[in-house]
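In: Coordinates only, no sequence provided:
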């Protein structure tokens, strides 16, 4: 038995799992749209697993991501630094959104 989720029920699932602070509102919205698009592209229905999403996806600033992955963005302006980080992530994983209130939402499994 499958249930169609709305964005509201998607975000409520994070709240009910005690994960309401895991992602910002705009990041949750981007994740919801990403998973809907992925279902449409693949034709496969996905099961909502809040814990798995929290383990496999992250929201972070370009500076934080650069530090985590050893990317040299020193001396670059904000736009160029963001481009370096997004390019790196696109080569290694899935970028869900590259400007969620200044943050990047991406899959950490790579």
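Out: That came in fine, so what should we check first? Here the structure is a predicted model, which is why all the values come from computation and not from measurement. Residues are numbered from 1 along each chain as shown.
In: rest of the way, CA atoms for contacts and neighbours
Out: Noted.
In: packing partners for the helix or strand of the chain with the lowest mean pLDDT?
Out: Across the helices and strands of the chain, the lowest-confidence element by mean pLDDT, DSSP states H and E is strand 95-100, at a mean of 94. Judged by 3 or more C-alpha pairs under 8 Å, 6 or more residues apart in numbering; DSSP states H and E, strand 95-100 is in contact with helix 25-42, helix 78-92, strand 103-107.
In: Contact partners for residue 54?
Out: Contact analysis of residue 54 by C-alpha atoms under 8 Å, 6 or more residues apart in numbering lists 19, 22.
In: check which helix or strand covers it.
Out: According to DSSP states H and E, residue 54 maps onto helix 50-56.
In: following that helix, which helix or strand comes up?
Out: Next along from helix 50-56, by DSSP H and E: strand 57-60.
In: Quick check: which helices or strands does that following strand pack against?
Out: strand 103-107.
In: who touches the strand it packs on?
Out: Strand 103-107 is contacted from outside by 27, 56-62, 89, 93-99, using C-alpha under 8 Å, 6+ apart.
In: Can you give me the distance of residue 69 to residue 110?
Out: 12 Å (C-alpha to C-alpha, to the nearest Å).
In: Now do the least confident helix or strand of the chain against helix 78-92, angle only.
Out: 170 degrees (axes from the mean of the first three to the mean of the last three C-alpha atoms, to 10 degrees).
In: what lines up beside strand 95-100 in the sheet?
Out: Paired neighbours of strand 95-100 in the sheet (DSSP bridges): strand 103-107 (antiparallel).
In: now the strand it pairs with, how far from the chain's geometric center?
Out: 4 Å (C-alpha atoms, centre = their mean, to the nearest Å).
In: Can you point out the buried residues in that strand?
Out: Within strand 103-107, the residues that qualify as buried by neighbour count (16 or more other C-alpha atoms under 10 Å) are 103-107.
In: Report the rounded mean pLDDT for it.
Out: Mean per-residue pLDDT for strand 103-107: 98.
In: what's the answer for stretch 23-30, then?
Out: Computed over stretch 23-30, the average pLDDT equals 97.
In: Much appreciated, bye for now.
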